[in-house]
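Visitor: please work out how this folds:
(one chain, ligands or ions: 1)
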Amino acid sequence: MPLEGVDEAVSMKTTSFWSDDFPRPDDLPVASALPSQVDVAVVGGGYAGLNAAYTLAKQGTSVAVLEQHTIGWGASSRNGGITGCGLKQGMPTIFKRYGEARARVFWQASLDALEIIRALVQEEGVACDFQPRGDLSVAYKPSHFEGMRARVAWHRKVLGHELVLLSREELREEIGSNAYYGGVVDPHGIGLHPAKLVFGLARVAARHGAQLCEHAEVKRVQPTAQGYLLHTTRGVLAAREVVVTTNGYTGRFMPQVRRLIVPAGSYSIVTEPLPPDLQREISPKGRMFWDSKWFLNYFRLTPDGRMLWGGRNDLSTNLDLYKSARILRRQMLRAFPQLQAYKVTHTWTGQLGIPFDLMPKVGRLPNGVHYAVGFGGHGLHMALYTGREVARLLLGQVSRSPFAEIPQRRYFFYRHNPWFMPLVAYYYRARDWLS
Ligand SMILES: Cc1cc2nc3c(=O)[nH]c(=O)nc-3n(C[C@H](O)[C@H](O)[C@H](O)COP(=O)(O)OP(=O)(O)OC[C@H]3O[C@@H](n4cnc5c(N)ncnc54)[C@H](O)[C@@H]3O)c2cc1C
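Guide: Predicted structure coming up:
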C-alpha cells in the first residue's frame with residue numbers, strides 16, 4: 001500500500017513540489033554585497049516584500065530586499081497557487097463588522113489584488129502558468145450547501161457579484177468526485193505556479209533597480225537620527241525607511257509585528273502526473289478547488305497534471321511530513337478513490353501568518369517601521385496588494401490605507417509562543433464536526 005512502506009517514504013521528497021519543478025533560477029540577479037545605504041530596506045523576500053520593492057524601484061527609489069534565506073524561500077514558493085476574490089474573513093462578516101463603506105473598500109482591494117497578478121503577467125511578462133479558469137468551493141456536508149445558497153444570494157444582492165450555485169447533480173460537470181453536496185463557482189478564480197510567480201516578480205523588481213540580498217537575516221533594526229540601521233548576518237545597512245514583510249516567519253527581531261499574527265503550518269502533497277483522461281475526469285474545467293470546512297482542504301491539478309492536495313492538519317508548524325502525507329492522502333482518497341494507484345511524490349509544509357481577526361495587517365509601528373503581514377490562506381493576492389500599498393504610502397501616492405485603520409490588537413496572553421493553538425485547533429475541529 002503506497003506510503004505505508006518504508007520505500008515509499010524514502011522516495012517521497014520533503015521539499016515543495018513547486019521549487020523542485022521550478023527552482024530558484026541560477027541567473028536571478030541578486031546583489032553580490034549588501035549595499036551600505038538605501039532609501040528603503042524591505043525585510044522578507046516573498047510576494048509582499050518583492051512587490052513593495054518593485055513598486056518603489058519603478059519610481060526611482062533605491063531599495064534593498066533583505067531575505068534571510070534565498071528569494072522566495074518562504075510561503076510564496078510553497079503555496080497552492082490558488083487565488084480569487086475576497087479576503088480570508090467572509091465578506092458578510094466584514095460588512096457587519098466594519099460597516100458598508102469600509103467593507104466595499106476591502107472588497108475592491110481584493111479585486112485590485114487580482115489585477116496586480118494580471119498586470120505582472122500581461123505587462124511585465126511574468127510567465128507563471130496563469131490559469132484564469134475560476135474556482136469551485138464544494139460543500140463538505142449537506143448543511144454547508146445551505147450556507148452556500150445564502151452566500152450566493154448575498155453576493156448578488158449586496159456586491160452585484162455573480163457566483164454560480166451548483167446542486168450535487170450539477171457538480172458532476174465540474175469535478176470527478178461524489179464526496180460533495182453541491183458547490184459554488186466563482187468565475188474570477190485563478191490558478192498559477194507560485195514559484196514561477198515569485199521568481200518572475202523578483203526578476204522584474206531587479207530589472208527596475210531593486211537590490212536583492214540573500215542570506216541577509218535581519219537581527220535588529222536600530223532607529224537613528226537619519227532613519228535606521230539594519231544589523232544583518234551580512235553586515236549593516238542604513239535606510240531611511242524599513243518595511244517588514246516577514247509574515248508567518250516573523251521572529252523575535254520585530255516582536256511588535258510578531259504579536260499581530262500567529263504562525264500556522266499549512267501542509268501539501270502532490271501525486272505523480274496523472275493520465276490525461278483521469279485529469280479530465282477529475283477537473284473537466286480546470287478549476288481550483290477548496291472545501292467548506294474550517295479545517296479546509298484546497299486542491300487542484302498542477303500545470304503538469306498532478307493532484308495537489310493541501311490543508312491545515314492541526315495548525316502546528318512541526319508535524320512530521322510523512323505523517324502529514326498519510327493524513328492528506330487519506331483525505332484525498334476519500335474524495336477521489338480513483339487516485340489510489342498513484343504515488344505521492346512530494347510532501348511539504350510552509351508557514352502563514354494568521355491574524356486574530358483574519359484581516360490583513362498593514363501599518364506603522366511607533367518607531368516608524370512599516371509592515372504588511374497576516375493574510376491567512378489568502379496571501380497570494382493580498383500579500384502582493386499590501387506590499388504595493390505600503391510602497392505607495394512611502395511614495396506619497398496614497399495618504400492612508402484602509403487596512404491600517406482597523407483595530408490592530410495585541411493580546412497579553414501572546415508574546416512569542418502561540419501556546420493556545422492546540423486549543424484553537426480543537427475548537428475549529430469541533431465546529432467542523434457539529435456543523
Ligand atoms: C503550504 C501553503 C499553502 C498556501 N496556499 C495558498 C493558496 O493557495 N492561496 C493563497 O492565497 N495563499 C496561500 N498560502 C498563503 C500564502 O502563500 C502567503 O500568505 C503568502 O505567500 C505570504 O507572502 P509574504 O511575502 O507575506 O510571506 P513569505 O512568502 O512567507 O515571505 C516572508 C519571508 O521573510 C523572510 N524572513 C523572515 N524573517 C526574516 C529576517 N529576520 N530577515 C530576513 N528575512 C526574513 C522569510 O525567510 C520569508 O522568505 C499558502 C501558504 C502555505 C504555507
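Visitor: ranges for the strands of the stretch 1-150 of the chain?
Guide: Using DSSP state E, counting those that start in this stretch, the strands of the stretch 1-150 of the chain run over residues 37-43, 63-66, 82-83, 135-138.
Visitor: the shortest one - contacts with which helices or strands?
Guide: Right, the one you point to is strand 82-83. When contacts are defined as 3 or more CB pairs under 8 Å, 6 or more residues apart in numbering; DSSP states H and E, strand 82-83 packs onto strand 190-191, strand 288-291, helix 379-395. Placement of C-beta: from N, CA and C, glycine included.
Visitor: in the last one, which residues are buried?
Guide: Going by neighbour count (16 or more other CB atoms under 10 Å), the buried part of helix 379-395 is 379-394.
Visitor: of the helices and strands packed on strand 82-83, which is nearest the ligand?
Guide: Closest to the ligand of these, according to CB to the nearest ligand atom: helix 379-395, at 1.6 Å.
Visitor: could you check the angle that closest one makes with strand 37-43?
Guide: Note on geometry: by axes from the mean of the first three to the mean of the last three CA atoms, to 10 degrees, helix 379-395 and strand 37-43 are set 150 degrees apart in direction.
Visitor: buried residues in the helix or strand that helix 379-395 is followed by?
Guide: Downstream of helix 379-395, the first helix or strand assigned by DSSP states H and E is helix 421-434. The neighbour-count check on helix 421-434 (16+ other CB under 10 Å) flags 421, 425, 432 as buried.
Visitor: sorry, back to before: switch the helices and strands packed on strand 82-83 over to JSON lines; also include distance to the ligand.
Guide: Formatted as JSON lines, those follow (distance: least, CB to the nearest ligand atom, whole Å):
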{"stretch": "strand 190-191", "distance to the ligand": "9"}
{"stretch": "strand 288-291", "distance to the ligand": "8"}
{"stretch": "helix 379-395", "distance to the ligand": "2"}
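Visitor: right, and the ones you listed - which one's nearest residue 43?
Guide: Nearest to residue 43, of all these, is helix 379-395, at 11.8 Å by CB to CB.
Visitor: if we can go back for a sec, figure out which of the strands of the stretch 1-150 of the chain is closest to residue 106.
Guide: Among the strands of the stretch 1-150 of the chain, strand 82-83 comes nearest to residue 106, with 15.8 Å by CB to CB.
Visitor: did I read that right, residue 359 in a helix?
Guide: No. Assignment of residue 359 by DSSP: H, G, I helix; E, B strand; the rest coil gives coil, placing it outside any helix.
Visitor: that one against residue 86, yeah?
Guide: No. Here residue 359 lies out of contact with residue 86, judged by CB atoms under 8 Å, at a distance of 11.9 Å.
Visitor: return the most buried member of the strands of the stretch 1-150 of the chain.
Guide: strand 63-66 (a mean of 29; mean count of other CB atoms under 10 Å).
Visitor: mind listing what the residue most central in space within the chain touches?
Guide: In the chain, the C-alpha nearest the mean C-alpha coordinate belongs to residue 379, at 3.1 Å (CA atoms, centre = their mean). Residues counted as contacts of residue 379 (CB atoms under 8 Å, 6 or more residues apart in numbering) are 47, 48, 75, 79, 247, 352, 353.
Visitor: run the last query once more with 7 Å
Guide: By CB atoms under 7 Å, 6 or more residues apart in numbering, the contact set of residue 379 is 75, 352.
Visitor: same question for residue 297.
Guide: Contacts of residue 297 (CB under 7 Å, 6+ apart): 290, 291, 309, 310, 311, 331.
Visitor: look up how far residue 72 lies from the closest residue to residue 23 other than its chain neighbours.
Guide: Leaving aside its chain neighbours, residue 23 sits nearest to residue 195 (7.8 Å; criterion: CB to CB, 6 or more residues apart in numbering). Using CB to CB, to the nearest Å, residue 195 is found at 6 Å from residue 72.
Visitor: comparing those two, which shows the higher neighbour count?
Guide: Comparing residue 195 with residue 72 by other CB atoms under 10 Å, the one with more neighbours is residue 72, at 31 against 24.
Visitor: quick one, phi psi at that one?
Guide: phi 80, psi 10 (degrees, to the nearest 10).
Visitor: mind listing what's buried in stretch 253-273?
Guide: Buried, per 16+ other CB under 10 Å, within stretch 253-273: 253-254, 256-271, 273.
Visitor: check whether that stretch comes near the ligand.
Guide: Yes. Judged by CB under 6 Å from any ligand atom, stretch 253-273 and the ligand are in contact via 253, 266, 268.
Visitor: before we move on, the earlier item: closest one to the ligand out of the buried residues of helix 421-434, please.
Guide: Nearest member of the buried residues of helix 421-434 to the ligand, counting by CB to the nearest ligand atom, is residue 421, at 15.2 Å.
Visitor: not counting sequence-adjacent ones, nearest residue to that closest one?
Guide: In space, residue 421 is closest to residue 315, 4.9 Å off (CB to CB, 6+ apart).
Visitor: distance check, that neighbour against residue 236.
Guide: Counting by CB to CB, the gap from residue 315 to residue 236 is 37 Å.
Visitor: and if you look at residue 390?
Guide: Distance from residue 390 to residue 236, counting by CB to CB: 23 Å.
Visitor: again, but for residue 82
Guide: Separation of residue 82 from residue 236 (CB to CB): 40 Å.
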